[in-house]
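Give me a model of this one.
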Amino acid sequence: MKVEVRKEAPSRAVLEVELPPETVSQGMERALEQLNRRVEIRGFRRGKAPKTLLERYVGKDAIYEEAVKLLVPDAYSQAIQQSGMHPIAQPEIQVQAVEEGKPLRFVATVDLVPDVRLGDYRAIRAERTPAAVTDADIDAAIEDLRARHAQLETLGDQPAASGDYVLVRVTEISGAADRFVPGKEYLVEVGGGTYPPELETGLLQAASGRRGTATLASGAAVTYEVVDVKRRRLPDLTNEFARTAAGVETVPVLRETLRERAHREAQQRAEQEDEQKAVDALLQRATIELPTSLVDHEVHHLIADLAESLGRRGITMERYLQVQEKTEEQLRAELRPAAEKRLRTQLALDELARLEDLQPTQEEMDREVENVARGLQQELARVREWLAQNGRLDMLRATLRRRKALTFLIQSAYGDPAAATAAGAREPGGKGGQE
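This is a model prediction of the structure:
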(Lines give C-alpha, C1' and ligand atoms only; values in the text may rest on other atoms or scores of the structure.)
Protein backbone atom coordinates (compact mmCIF):
# COMPACT_ATOMS: atom_id res chain seq x y z
CA MET A 1 0.00 0.00 0.00
CA LYS A 2 1.34 3.42 -0.97
CA VAL A 3 0.58 6.45 1.21
CA GLU A 4 1.42 10.07 0.42
CA VAL A 5 0.70 12.73 3.02
CA ARG A 6 0.58 16.48 2.63
CA LYS A 7 -0.50 19.19 5.05
CA GLU A 8 -3.14 21.64 3.85
CA ALA A 9 -2.95 23.55 7.13
CA PRO A 10 -1.24 22.97 10.49
CA SER A 11 -4.25 20.96 11.66
CA ARG A 12 -5.50 19.48 8.40
CA ALA A 13 -3.92 16.77 6.25
CA VAL A 14 -4.59 15.00 2.97
CA LEU A 15 -3.68 11.34 2.52
CA GLU A 16 -3.46 9.85 -0.96
CA VAL A 17 -3.67 6.08 -0.66
CA GLU A 18 -3.14 3.45 -3.36
CA LEU A 19 -3.98 -0.23 -2.90
CA PRO A 20 -2.26 -2.71 -5.28
CA PRO A 21 -4.34 -4.73 -7.78
CA GLU A 22 -3.91 -7.97 -5.82
CA THR A 23 -5.43 -6.36 -2.70
CA VAL A 24 -8.33 -5.09 -4.83
CA SER A 25 -8.86 -8.62 -6.20
CA GLN A 26 -8.95 -10.01 -2.68
CA GLY A 27 -11.45 -7.32 -1.74
CA MET A 28 -13.62 -8.29 -4.71
CA GLU A 29 -13.61 -11.91 -3.55
CA ARG A 30 -14.63 -10.88 -0.04
CA ALA A 31 -17.32 -8.62 -1.48
CA LEU A 32 -18.78 -11.55 -3.46
CA GLU A 33 -18.83 -13.68 -0.33
CA GLN A 34 -20.65 -10.94 1.60
CA LEU A 35 -23.20 -10.41 -1.18
CA ASN A 36 -23.75 -14.12 -1.58
CA ARG A 37 -24.77 -14.34 2.08
CA ARG A 38 -27.25 -11.46 1.71
CA VAL A 39 -28.75 -11.88 -1.77
CA GLU A 40 -31.47 -14.41 -2.49
CA ILE A 41 -31.34 -16.13 -5.90
CA ARG A 42 -34.18 -18.46 -6.81
CA GLY A 43 -33.16 -22.10 -6.72
CA PHE A 44 -30.19 -21.55 -4.39
CA ARG A 45 -29.81 -21.21 -0.66
CA ARG A 46 -28.12 -18.06 0.57
CA GLY A 47 -24.35 -18.32 0.16
CA LYS A 48 -24.60 -21.26 -2.25
CA ALA A 49 -25.12 -19.51 -5.61
CA PRO A 50 -22.31 -19.95 -8.17
CA LYS A 51 -19.95 -17.00 -8.42
CA THR A 52 -20.62 -16.36 -12.12
CA LEU A 53 -24.39 -16.37 -11.58
CA LEU A 54 -24.07 -14.00 -8.61
CA GLU A 55 -21.91 -11.59 -10.65
CA ARG A 56 -24.56 -11.45 -13.41
CA TYR A 57 -27.37 -11.10 -10.86
CA VAL A 58 -26.01 -8.18 -8.80
CA GLY A 59 -23.81 -6.53 -11.45
CA LYS A 60 -20.22 -5.32 -11.36
CA ASP A 61 -21.08 -1.93 -9.84
CA ALA A 62 -22.59 -3.55 -6.74
CA ILE A 63 -19.52 -5.73 -6.30
CA TYR A 64 -17.19 -2.73 -6.66
CA GLU A 65 -19.24 -0.75 -4.13
CA GLU A 66 -19.14 -3.60 -1.63
CA ALA A 67 -15.39 -4.01 -2.14
CA VAL A 68 -14.81 -0.32 -1.46
CA LYS A 69 -16.80 -0.57 1.80
CA LEU A 70 -14.58 -3.45 2.86
CA LEU A 71 -11.20 -2.12 1.74
CA VAL A 72 -11.20 1.63 2.36
CA PRO A 73 -11.82 1.77 6.16
CA ASP A 74 -9.02 -0.72 6.87
CA ALA A 75 -6.69 0.99 4.42
CA TYR A 76 -7.42 4.39 5.99
CA SER A 77 -6.66 3.04 9.49
CA GLN A 78 -3.38 1.57 8.28
CA ALA A 79 -2.47 4.82 6.51
CA ILE A 80 -3.11 6.81 9.71
CA GLN A 81 -0.93 4.45 11.74
CA GLN A 82 1.78 4.54 9.08
CA SER A 83 1.79 8.34 8.96
CA GLY A 84 1.79 8.77 12.75
CA MET A 85 -0.97 11.37 12.66
CA HIS A 86 -3.71 11.87 15.27
CA PRO A 87 -7.13 12.61 13.71
CA ILE A 88 -9.88 14.28 15.76
CA ALA A 89 -12.83 13.54 13.47
CA GLN A 90 -14.04 11.24 10.73
CA PRO A 91 -12.29 11.86 7.39
CA GLU A 92 -13.75 13.08 4.13
CA ILE A 93 -12.96 10.31 1.63
CA GLN A 94 -13.13 10.44 -2.14
CA VAL A 95 -12.67 7.14 -4.01
CA GLN A 96 -11.59 7.09 -7.63
CA ALA A 97 -13.33 4.78 -10.09
CA VAL A 98 -12.69 1.11 -9.35
CA GLU A 99 -11.53 -1.11 -12.19
CA GLU A 100 -10.72 -4.78 -12.08
CA GLY A 101 -7.02 -5.54 -12.34
CA LYS A 102 -6.01 -1.97 -11.46
CA PRO A 103 -5.00 -0.25 -8.19
CA LEU A 104 -7.64 1.33 -5.97
CA ARG A 105 -6.93 4.95 -5.15
CA PHE A 106 -8.68 7.19 -2.64
CA VAL A 107 -8.02 10.58 -1.04
CA ALA A 108 -8.79 11.16 2.66
CA THR A 109 -8.91 14.68 4.10
CA VAL A 110 -8.80 14.75 7.88
CA ASP A 111 -8.57 17.26 10.73
CA LEU A 112 -5.76 16.61 13.19
CA VAL A 113 -5.13 17.33 16.83
CA PRO A 114 -3.88 20.93 16.66
CA ASP A 115 -0.25 21.78 17.19
CA VAL A 116 0.10 23.89 20.33
CA ARG A 117 3.00 26.24 21.00
CA LEU A 118 2.83 28.03 24.32
CA GLY A 119 5.74 30.43 24.12
CA ASP A 120 7.49 31.42 27.35
CA TYR A 121 4.63 30.69 29.75
CA ARG A 122 6.98 30.73 32.74
CA ALA A 123 7.54 34.46 32.13
CA ILE A 124 3.85 35.27 32.77
CA ARG A 125 3.48 37.64 35.71
CA ALA A 126 0.34 39.25 37.11
CA GLU A 127 -0.88 41.06 40.23
CA ARG A 128 -3.45 39.57 42.55
CA THR A 129 -6.95 41.05 42.40
CA PRO A 130 -7.81 42.75 45.72
CA ALA A 131 -10.79 41.31 47.58
CA ALA A 132 -11.87 44.47 49.36
CA VAL A 133 -15.20 44.83 51.17
CA THR A 134 -16.38 48.31 52.22
CA ASP A 135 -19.02 49.55 54.64
CA ALA A 136 -21.02 50.63 51.59
CA ASP A 137 -21.03 47.01 50.41
CA ILE A 138 -22.46 45.91 53.76
CA ASP A 139 -25.08 48.67 53.65
CA ALA A 140 -26.10 47.47 50.19
CA ALA A 141 -26.28 43.86 51.40
CA ILE A 142 -28.55 44.88 54.28
CA GLU A 143 -30.82 46.82 51.94
CA ASP A 144 -30.97 43.81 49.64
CA LEU A 145 -31.90 41.62 52.62
CA ARG A 146 -34.62 44.07 53.65
CA ALA A 147 -35.93 44.13 50.06
CA ARG A 148 -36.15 40.33 50.02
CA HIS A 149 -38.25 40.44 53.20
CA ALA A 150 -40.42 43.31 52.05
CA GLN A 151 -44.20 43.03 51.99
CA LEU A 152 -46.56 44.42 49.37
CA GLU A 153 -49.17 46.84 50.65
CA THR A 154 -52.21 48.04 48.70
CA LEU A 155 -52.12 51.76 47.86
CA GLY A 156 -55.88 52.15 47.49
CA ASP A 157 -56.60 54.99 45.05
CA GLN A 158 -52.98 56.15 44.82
CA PRO A 159 -51.43 55.98 41.30
CA ALA A 160 -48.52 53.67 40.60
CA ALA A 161 -44.97 55.01 40.59
CA SER A 162 -41.81 53.42 39.25
CA GLY A 163 -40.98 50.36 41.34
CA ASP A 164 -44.60 49.76 42.38
CA TYR A 165 -46.45 46.55 41.53
CA VAL A 166 -49.66 46.64 39.50
CA LEU A 167 -52.04 43.68 39.37
CA VAL A 168 -53.73 43.70 35.97
CA ARG A 169 -56.36 41.43 34.46
CA VAL A 170 -56.06 40.94 30.70
CA THR A 171 -59.51 41.28 29.15
CA GLU A 172 -58.79 41.13 25.45
CA ILE A 173 -55.93 40.41 23.05
CA SER A 174 -55.68 41.48 19.44
CA GLY A 175 -52.89 39.86 17.43
CA ALA A 176 -50.13 37.47 18.57
CA ALA A 177 -49.20 37.99 22.23
CA ASP A 178 -48.11 34.54 23.40
CA ARG A 179 -47.22 35.73 26.88
CA PHE A 180 -50.73 36.83 27.81
CA VAL A 181 -54.02 34.95 28.19
CA PRO A 182 -57.42 36.70 28.34
CA GLY A 183 -58.96 36.48 31.79
CA LYS A 184 -55.65 35.85 33.56
CA GLU A 185 -54.09 38.24 36.12
CA TYR A 186 -50.46 39.40 36.04
CA LEU A 187 -48.44 41.22 38.74
CA VAL A 188 -46.30 43.74 36.86
CA GLU A 189 -43.45 45.74 38.42
CA VAL A 190 -43.46 49.18 36.84
CA GLY A 191 -40.01 49.66 35.33
CA GLY A 192 -38.91 46.18 36.37
CA GLY A 193 -38.16 45.10 32.81
CA THR A 194 -39.88 41.74 33.17
CA TYR A 195 -42.85 42.53 30.95
CA PRO A 196 -42.97 44.38 27.61
CA PRO A 197 -41.91 48.02 28.11
CA GLU A 198 -45.08 49.24 26.35
CA LEU A 199 -47.17 47.66 29.11
CA GLU A 200 -44.94 48.76 32.00
CA THR A 201 -44.78 52.36 30.75
CA GLY A 202 -48.57 52.44 30.30
CA LEU A 203 -49.04 51.45 33.95
CA LEU A 204 -47.09 54.44 35.27
CA GLN A 205 -49.57 56.65 37.22
CA ALA A 206 -52.27 54.00 36.79
CA ALA A 207 -54.75 53.62 39.64
CA SER A 208 -57.06 50.80 40.68
CA GLY A 209 -60.01 50.39 38.31
CA ARG A 210 -58.32 51.96 35.32
CA ARG A 211 -58.67 50.32 31.90
CA GLY A 212 -56.13 50.62 29.13
CA THR A 213 -54.60 49.07 26.04
CA ALA A 214 -50.89 48.46 25.42
CA THR A 215 -49.71 48.08 21.81
CA LEU A 216 -46.66 45.84 21.85
CA ALA A 217 -43.67 46.00 19.52
CA SER A 218 -45.01 42.93 17.70
CA GLY A 219 -48.15 44.89 16.81
CA ALA A 220 -50.39 42.96 19.20
CA ALA A 221 -52.74 44.94 21.42
CA VAL A 222 -53.33 43.88 25.04
CA THR A 223 -56.39 45.36 26.74
CA TYR A 224 -56.32 45.21 30.55
CA GLU A 225 -57.97 46.39 33.75
CA VAL A 226 -56.00 47.49 36.83
CA VAL A 227 -57.14 45.32 39.75
CA ASP A 228 -54.81 46.68 42.44
CA VAL A 229 -51.70 48.82 42.95
CA LYS A 230 -49.16 47.70 45.58
CA ARG A 231 -45.96 49.14 47.02
CA ARG A 232 -43.16 47.36 48.82
CA ARG A 233 -42.76 48.13 52.51
CA LEU A 234 -39.31 47.33 53.77
CA PRO A 235 -39.03 46.05 57.37
CA ASP A 236 -37.28 48.25 59.91
CA LEU A 237 -33.68 47.37 60.68
CA THR A 238 -34.13 46.04 64.20
CA ASN A 239 -32.82 43.16 66.27
CA GLU A 240 -36.10 41.37 65.59
CA PHE A 241 -35.45 41.68 61.84
CA ALA A 242 -31.91 40.32 62.35
CA ARG A 243 -33.34 37.27 64.12
CA THR A 244 -36.04 36.71 61.49
CA ALA A 245 -33.92 37.32 58.39
CA ALA A 246 -30.58 35.78 59.40
CA GLY A 247 -31.02 33.94 62.69
CA VAL A 248 -28.66 36.25 64.60
CA GLU A 249 -29.44 38.18 67.74
CA THR A 250 -28.52 41.79 66.95
CA VAL A 251 -28.02 44.19 64.06
CA PRO A 252 -24.25 44.52 64.72
CA VAL A 253 -23.91 40.73 64.56
CA LEU A 254 -25.96 40.79 61.34
CA ARG A 255 -23.56 43.33 59.83
CA GLU A 256 -20.55 41.21 60.84
CA THR A 257 -22.16 38.07 59.41
CA LEU A 258 -22.85 39.83 56.13
CA ARG A 259 -19.30 41.21 56.11
CA GLU A 260 -17.83 37.71 56.47
CA ARG A 261 -20.08 36.39 53.70
CA ALA A 262 -19.24 39.34 51.45
CA HIS A 263 -15.52 38.80 52.05
CA ARG A 264 -15.80 35.12 51.08
CA GLU A 265 -17.70 36.03 47.92
CA ALA A 266 -15.21 38.80 47.08
CA GLN A 267 -12.35 36.35 47.60
CA GLN A 268 -14.00 33.83 45.25
CA ARG A 269 -14.53 36.51 42.61
CA ALA A 270 -10.92 37.66 42.96
CA GLU A 271 -9.63 34.09 42.59
CA GLN A 272 -11.77 33.57 39.49
CA GLU A 273 -10.49 36.83 38.04
CA ASP A 274 -6.91 35.84 38.81
CA GLU A 275 -7.44 32.50 37.07
CA GLN A 276 -8.88 34.22 34.02
CA LYS A 277 -6.02 36.73 33.85
CA ALA A 278 -3.45 33.94 33.95
CA VAL A 279 -5.28 31.89 31.32
CA ASP A 280 -5.72 34.93 29.07
CA ALA A 281 -2.00 35.64 29.33
CA LEU A 282 -1.25 32.01 28.45
CA LEU A 283 -3.53 32.15 25.41
CA GLN A 284 -2.00 35.44 24.24
CA ARG A 285 1.39 33.72 24.01
CA ALA A 286 0.01 30.48 22.55
CA THR A 287 -0.26 29.58 18.88
CA ILE A 288 -3.20 27.24 18.31
CA GLU A 289 -5.01 26.78 15.01
CA LEU A 290 -8.40 25.18 15.63
CA PRO A 291 -9.92 22.96 12.95
CA THR A 292 -13.44 23.97 11.95
CA SER A 293 -14.79 20.50 12.70
CA LEU A 294 -13.47 20.66 16.27
CA VAL A 295 -15.16 24.03 16.88
CA ASP A 296 -18.41 22.74 15.35
CA HIS A 297 -18.28 19.77 17.70
CA GLU A 298 -17.75 22.04 20.73
CA VAL A 299 -20.63 24.32 19.70
CA HIS A 300 -22.82 21.21 19.52
CA HIS A 301 -21.79 20.36 23.10
CA LEU A 302 -22.58 23.89 24.32
CA ILE A 303 -26.04 23.74 22.75
CA ALA A 304 -26.63 20.31 24.31
CA ASP A 305 -25.59 21.70 27.72
CA LEU A 306 -27.96 24.66 27.27
CA ALA A 307 -30.82 22.35 26.25
CA GLU A 308 -30.24 20.20 29.34
CA SER A 309 -30.19 23.26 31.60
CA LEU A 310 -33.39 24.59 30.05
CA GLY A 311 -35.03 21.18 30.32
CA ARG A 312 -34.45 21.13 34.09
CA ARG A 313 -36.54 24.31 34.24
CA GLY A 314 -39.24 22.90 32.00
CA ILE A 315 -38.29 25.00 28.97
CA THR A 316 -37.78 23.55 25.50
CA MET A 317 -35.06 24.78 23.16
CA GLU A 318 -37.75 25.74 20.67
CA ARG A 319 -39.48 27.93 23.26
CA TYR A 320 -36.16 29.47 24.34
CA LEU A 321 -35.31 30.45 20.76
CA GLN A 322 -38.79 31.86 20.32
CA VAL A 323 -38.53 34.04 23.43
CA GLN A 324 -35.00 35.16 22.50
CA GLU A 325 -36.17 35.84 18.93
CA LYS A 326 -33.25 33.85 17.51
CA THR A 327 -32.77 31.04 15.05
CA GLU A 328 -30.63 28.02 15.88
CA GLU A 329 -28.08 29.25 13.34
CA GLN A 330 -27.86 32.59 15.17
CA LEU A 331 -27.43 30.79 18.49
CA ARG A 332 -24.63 28.68 17.03
CA ALA A 333 -22.90 31.82 15.75
CA GLU A 334 -23.17 33.47 19.18
CA LEU A 335 -21.75 30.41 20.96
CA ARG A 336 -18.84 30.00 18.55
CA PRO A 337 -16.42 32.46 20.26
CA ALA A 338 -17.06 30.77 23.63
CA ALA A 339 -16.49 27.35 22.05
CA GLU A 340 -13.23 28.50 20.50
CA LYS A 341 -11.94 29.98 23.76
CA ARG A 342 -12.88 26.87 25.74
CA LEU A 343 -11.05 24.66 23.25
CA ARG A 344 -7.99 26.91 23.19
CA THR A 345 -7.91 26.90 26.99
CA GLN A 346 -8.17 23.10 27.20
CA LEU A 347 -5.50 22.55 24.56
CA ALA A 348 -3.13 25.08 26.15
CA LEU A 349 -3.51 23.53 29.61
CA ASP A 350 -3.03 20.05 28.12
CA GLU A 351 0.23 21.17 26.52
CA LEU A 352 1.40 22.86 29.73
CA ALA A 353 0.66 19.64 31.63
CA ARG A 354 2.67 17.68 29.05
CA LEU A 355 5.65 20.03 29.22
CA GLU A 356 5.68 20.07 33.02
CA ASP A 357 4.92 16.35 33.30
CA LEU A 358 1.82 16.96 35.42
CA GLN A 359 -0.38 13.93 36.06
CA PRO A 360 -2.99 13.21 38.73
CA THR A 361 -1.96 10.61 41.27
CA GLN A 362 -4.03 7.49 41.88
CA GLU A 363 -5.02 8.95 45.24
CA GLU A 364 -6.32 12.11 43.52
CA MET A 365 -8.22 9.99 40.98
CA ASP A 366 -9.81 7.92 43.77
CA ARG A 367 -10.79 11.07 45.65
CA GLU A 368 -12.39 12.56 42.54
CA VAL A 369 -14.34 9.36 41.83
CA GLU A 370 -15.63 9.51 45.41
CA ASN A 371 -16.69 13.13 44.82
CA VAL A 372 -18.55 12.11 41.66
CA ALA A 373 -20.31 9.28 43.53
CA ARG A 374 -21.25 11.67 46.33
CA GLY A 375 -22.59 14.22 43.86
CA LEU A 376 -24.64 11.59 42.02
CA GLN A 377 -25.71 9.97 45.30
CA GLN A 378 -24.74 6.57 43.91
CA GLU A 379 -22.73 3.65 45.25
CA LEU A 380 -18.99 4.07 44.74
CA ALA A 381 -18.53 0.70 42.99
CA ARG A 382 -21.35 1.46 40.59
CA VAL A 383 -19.89 4.87 39.74
CA ARG A 384 -16.43 3.35 39.18
CA GLU A 385 -17.92 0.88 36.71
CA TRP A 386 -19.84 3.65 34.95
CA LEU A 387 -16.73 5.83 34.65
CA ALA A 388 -14.70 2.93 33.28
CA GLN A 389 -17.06 2.70 30.31
CA ASN A 390 -16.76 4.72 27.09
CA GLY A 391 -13.63 6.63 28.09
CA ARG A 392 -15.22 8.53 30.99
CA LEU A 393 -12.30 7.70 33.27
CA ASP A 394 -9.89 9.19 30.73
CA MET A 395 -12.04 12.32 30.59
CA LEU A 396 -11.90 12.58 34.40
CA ARG A 397 -8.12 12.15 34.31
CA ALA A 398 -7.85 14.89 31.65
CA THR A 399 -9.94 17.22 33.82
CA LEU A 400 -7.68 16.67 36.83
CA ARG A 401 -4.58 17.11 34.68
CA ARG A 402 -5.86 20.48 33.43
CA ARG A 403 -6.68 21.47 37.00
CA LYS A 404 -3.09 20.76 38.04
CA ALA A 405 -1.81 22.70 35.04
CA LEU A 406 -3.99 25.66 36.01
CA THR A 407 -2.69 25.52 39.59
CA PHE A 408 0.88 25.49 38.28
CA LEU A 409 0.16 28.45 35.98
CA ILE A 410 -1.46 30.55 38.71
CA GLN A 411 1.27 29.93 41.26
CA SER A 412 3.92 30.72 38.67
CA ALA A 413 2.15 33.83 37.35
CA TYR A 414 1.56 35.35 40.77
CA GLY A 415 5.13 35.21 41.93
CA ASP A 416 5.60 31.79 43.50
CA PRO A 417 7.48 29.66 40.92
CA ALA A 418 8.83 27.39 43.66
CA ALA A 419 5.29 26.56 44.74
CA ALA A 420 4.38 26.05 41.09
CA THR A 421 7.09 23.44 40.74
CA ALA A 422 5.92 21.76 43.93
CA ALA A 423 2.33 21.78 42.71
CA GLY A 424 3.44 20.05 39.56
CA ALA A 425 5.14 17.37 41.65
CA ARG A 426 7.49 16.75 38.75
CA GLU A 427 9.62 13.66 38.81
CA PRO A 428 13.19 13.53 37.50
CA GLY A 429 13.23 13.75 33.74
CA GLY A 430 10.18 16.04 33.57
CA LYS A 431 10.32 18.94 31.13
CA GLY A 432 11.06 22.28 32.65
CA GLY A 433 9.75 24.54 29.89
CA GLN A 434 8.93 24.93 26.23
CA GLU A 435 10.48 22.28 24.02
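
going forward, measure contacts and count neighbours with C-alpha atoms only.
Noted.

tally of neighbours for E340?
Residues lying near E340 (other CA atoms under 10 Å) number 19.

any idea which element it lies in?
Using DSSP states H and E, E340 falls within helix 328-355.

which is the next helix or strand following that helix?
helix 362-376.

now that following helix: how far from the chain's centre is it?
22 Å (CA atoms, centre = their mean, to the nearest Å).

Please identify the buried residues of that helix?
V369, E370, V372, A373 (16 or more other CA atoms under 10 Å).

same deal with stretch 87-106?
Per 16+ other CA under 10 Å, stretch 87-106 contains these buried residues: P87, P91, I93, V98, P103, L104, R105, F106.

pull the longest helix from this protein.
Across the chain, the longest stretch assigned as helix under DSSP state H is helix 251-285.

Going by neighbour count, list what's buried in that one.
Quick answer for helix 251-285 (16+ other CA under 10 Å): 251, 254-255, 258-259, 262-263, 266-267, 270-271, 274-275, 277-279, 281-283.

Report the mean per-residue pLDDT for it.
Across helix 251-285, pLDDT averages out at 95.

Show the residue spans covered by the strands in the protein.
2-9, 12-19, 92-95, 104-111, 116-117, 151-154, 165-174, 185-189, 211-215, 221-233, 287-288 (DSSP state E).

which helices and strands does the helix holding E340 pack with?
strand 116-117, helix 251-285, helix 292-312, helix 392-413 (3 or more CA pairs under 8 Å, 6 or more residues apart in numbering; DSSP states H and E).

I'd like those as TSV, with distance to R319 appended.
Listed next are the helices and strands packed on helix 328-355 as TSV, based on distance: least, CA to CA, whole Å:
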stretch	distance to R319
strand 116-117	40
helix 251-285	33
helix 292-312	10
helix 392-413	32
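
Compare these and give me the one nearest K69.
helix 292-312 (23.8 Å; CA to CA).

buried stuff in the closest one?
L294, V295, E298, V299, H300, L302, I303, A307.

export the residues you listed to a markdown table and tack on distance to V3 and pLDDT?
Formatted as a markdown table, the buried residues of helix 292-312 follow (distance: CA to CA, whole Å; pLDDT from 0 to 100):
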| residue | distance to V3 | pLDDT |
| --- | --- | --- |
| L294 | 25 | 86 |
| V295 | 28 | 90 |
| E298 | 31 | 91 |
| V299 | 33 | 94 |
| H300 | 33 | 93 |
| L302 | 37 | 94 |
| I303 | 38 | 95 |
| A307 | 43 | 93 |
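
just these now: which is nearest L199?
For the buried residues of helix 292-312, the nearest to L199 is A307 (30.3 Å; CA to CA).

In space, what's closest to that closest one - neighbours in sequence excluded?
Leaving aside its sequence neighbours, A307 sits nearest to M317 (CA to CA, 6 or more residues apart in numbering; 5.8 Å).

before we move on, back to that, need the buried residues of stretch 87-106 in TSV (columns: distance to L15 and pLDDT).
Below are the buried residues of stretch 87-106 laid out as TSV (distance: CA to CA, whole Å; pLDDT from 0 to 100):
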residue	distance to L15	pLDDT
P87	12	85
P91	10	87
I93	9	91
V98	18	73
P103	16	89
L104	14	90
R105	10	92
F106	8	93
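
wait, which of the residues you listed is closest to I63?
Distances from I63 to the buried residues of stretch 87-106, taken by CA to CA, are shortest for V98, at 10.1 Å.

Report the contact partners of that closest one.
Shown in contact with V98 (CA atoms under 8 Å, 6 or more residues apart in numbering): Y64, L104.

with the buried residues of helix 292-312 in mind, which one is nearest to T399?
So of the buried residues of helix 292-312, ranked by how close each gets to T399 (CA to CA), first place is E298, at 16.0 Å.

ok, now how distant is the spatially closest residue to that closest one that is not a sequence neighbour from A246?
Leaving aside its sequence neighbours, E298 sits nearest to A339 (CA to CA, 6+ apart; 5.6 Å). Using CA to CA, to the nearest Å, one obtains 41 Å as the distance from A339 to A246.

Tell me how the chain divides into domains.
For the chain, automatic domain parsing gives the domain ranges 2-113, 151-233, 290-344, 356-435.

Nearest to P130, out of the ones you listed?
Of all those, domain 356-435 comes closest under CA to CA, at 12.9 Å.
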